[in-house]
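K.L.:
Quick check, what structure comes out for this input:
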Amino acid sequence: MSNELERDGAAVQSVDRALSVLRLLARHGDLGVSEIAAELGVHRSTAFRLVMTLELHELVEQTADRGKYRLGVGIVRLAGAATVRLDVVRESRATGERLAAAVGETVNVAILDRDEALYVDQMAGPSALQAYNWAGRRVALHATSNGKVLLAHAPRERFERLAAAPLLPFTDLTVTDAGLLREELDTVRRRGYATAADELEIGLTAVAAPIFNVEGTVVASMSVSGPTFRLPPERLPEVAEQVMTAAGEVSSRLGWHAIEDGKALTA
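P.N.:
Just a heads-up that it's a prediction; the model follows:
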């Protein structure tokens, strides 16, 4: 037991020191390993191991002056992801609540996180009593409407990487053929929304549309989901129009302007 506590204590200390390295570089701009060791009060070899680990994750990088280190692009990616998530959640909340009330079902907002869709917010409609809380959950891109929207607008390399491995079947209706999935993603881009009926769970249907940022990049997706018996095929086009309108409102709040017939449209 004491050995386990010692190992835990050492791990926590390493994390604390690594974070201290990042704070030092944020304060000083760039430092050498010896300078970092002196600031932390540790041996140079310890500081070197900390820096190497952080460099492996691109959180620090060497400067042109070899032997000096500064904050790396990994920090920018983390900060950018956090900013996108906060902006999307803030700007989509009111619109999502109105959509949930109008459709009577659950509204979710998701972002692309590695090769999964990460649900960052949820608004429940009046019919969605005791709705499952999707916020914080990661789901497969190929088996969900949000995932298909995000994958359809992601760089092609992401699809190729995903398709290179077996696409897992969650139900008998999950699309697991890469060719069929590619065709469906083409349709998603063309018509502006994605659907998933009984593909992640039997009895669950969802419709999603993309959310764009000021640069016209898809940064998130918004979906309506509910029991399949309340979202039958004949109702999906109508719900899709409502979802696309709501996602468009959020996009405009993020600074996006739609392009139609060569003219920019302001919301």
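
K.L.:
When you work out contacts or count neighbours from here on, use the C-alpha atoms and nothing else.
P.N.:
OK.

K.L.:
Tell me the pLDDT of residue 83.
P.N.:
At residue 83, the model reports a pLDDT of 56.

K.L.:
now do residue 39
P.N.:
As predicted, residue 39 sits at a pLDDT of 88.

K.L.:
and it, what helix or strand is that in?
P.N.:
According to DSSP states H and E, residue 39 maps onto helix 33-40.

K.L.:
which residues are contacting that helix?
P.N.:
Here helix 33-40 makes contact (CA atoms under 8 Å, 6 or more residues apart in numbering) with 17, 20-21, 24, 43-44, 46-48, 51, 67-69.

K.L.:
which of those residues tops the neighbour count?
P.N.:
Counting neighbours by other CA atoms under 10 Å, the top entry in these is residue 21, with 25 neighbours.

K.L.:
so what's that one up against?
P.N.:
36, 40, 50-51.

K.L.:
can you check residue 200 too?
P.N.:
When contacts are counted by CA under 8 Å, 6+ apart, residue 200 is found next to 143-144, 170-171, 174.

K.L.:
Distance check, it against residue 153.
P.N.:
20 Å (CA to CA, to the nearest Å).

K.L.:
can you check residue 162 too?
P.N.:
Taken as CA to CA, the span from residue 162 to residue 153 is 14 Å.

K.L.:
With residue 201 instead?
P.N.:
Distance of residue 201 to residue 153, computed by CA to CA: 24 Å.

K.L.:
Then residue 133?
P.N.:
According to CA to CA, residue 133 and residue 153 sit 26 Å apart.

K.L.:
Can you pull out the low-pLDDT segments for the stretch 51-200 of the chain?
P.N.:
In the predicted model, the stretch 51-200 of the chain carries pLDDT under 70 at residues 64-66, 73, 76-86, 127-132.

K.L.:
Helices along that one, start to end?
P.N.:
Applying DSSP state H, counting those that start in this stretch to the stretch 51-200 of the chain gives helices spanning 73-103, 145-152, 156-164, 178-191.

K.L.:
Can you convert the ones you listed into CSV and add a column each for distance to residue 123 and mean neighbour count?
P.N.:
Listed next are those as CSV, based on distance: least, CA to CA, whole Å; neighbours: other CA atoms under 10 Å:
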stretch, distance to residue 123, mean neighbour count
helix 73-103, 6, 17
helix 145-152, 15, 30
helix 156-164, 29, 13
helix 178-191, 24, 16
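
K.L.:
I'd like the ones you listed as CSV, with distance to residue 257 appended.
P.N.:
Output for the helices of the stretch 51-200 of the chain, formatted as CSV (distance: least, CA to CA, whole Å):
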stretch, distance to residue 257
helix 73-103, 15
helix 145-152, 19
helix 156-164, 24
helix 178-191, 17
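
K.L.:
mind listing the strands in the stretch 151-267 of the chain by residue range?
P.N.:
Assigned by DSSP state E, counting those that start in this stretch, the strands in the stretch 151-267 of the chain fall at 194-197, 204-212, 218-227, 258-260, 263-265.

K.L.:
Lowest mean pLDDT across these, which one is that?
P.N.:
When the strands of the stretch 151-267 of the chain are compared by mean pLDDT, strand 263-265 comes last with a mean of 37.

K.L.:
re earlier: only whichever of the contacts of residue 200 are buried, select them in ChimeraX.
P.N.:
To isolate the buried members of those in ChimeraX, using 16 or more other CA atoms under 10 Å:
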select :143,144,170,174
